[in-house]
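> Sequence below, structure please.
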Amino acid sequence: MADTRKLDMDRLLLIAGGHSAFQLLWAGVELGTFDHLSREPGLTLPQVADRMTLQLYPCRVLMIGLTALGLVRKQGDQYFNAELTEQMLVKGKPGYAAPILGWQAEIVYPGMGEFVASLKQSTNVGLTRFPGNGQTLDERLADLRQKP
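Modelled structure (predicted):
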């Protein structure tokens, strides 16, 4: 049986660049990139930029990243969602996973900046990134939900 945890260069690069990959993925969700490509498969770069109201250069950066990750594919000058992207990252589809990604973007990422400090201090230092008086993340998030 093959060891699926074997570290090779591809896996190391994936781990090292995971934060960038996630930010590209989240930008695609937040900006509606995958929704636009689902409604209008085959959009060109200027058309994608127009739909997302982005300047051409930042849209190009985003689309290069999404293409490199395999979330979208490019044929000639046209962009299309990858099959799994279409199933899981388009609003209204049964497998839509953006709420989980939103949790990562809004809850997990802010606190992860304090991960090393948390290990050294043996406490959740990242908790300070969230307002409230609670001693746990759940308590602080509950405080946020109760405020108007």
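> and Gly92, backbone torsions?
When read as degrees, to the nearest 10, the backbone of Gly92 gives phi 90, psi -10.
> Counting neighbours, what do you get for it?
Here the count is done by other Cβ atoms under 10 Å, and Gly92 has 7 residues near it. Placement of C-beta: from N, CA and C, glycine included.
> got the contact list for it?
Applying Cβ atoms under 8 Å, 6 or more residues apart in numbering to Gly92 gives no contacts.
> Can you read off the pLDDT for it?
On pLDDT, Gly92 comes in at 96.
> Show the model's pLDDT score for Leu71.
Reading off the model, Leu71 has pLDDT 97.
> Just to check, it is in contact with Gln87?
No: in this structure, Leu71 is not within contact of Gln87 by Cβ atoms under 8 Å, at 11.9 Å.
> Spit out the contact partners of the closest residue to Gly65 other than its chain neighbours.
Among residues not flanking Gly65 along the chain, Leu24 sits closest, at 4.0 Å (Cβ to Cβ, 6 or more residues apart in numbering). Going by Cβ under 8 Å, 6+ apart, Leu24 touches Leu62, Gly65, Leu66, Leu69, Leu71.
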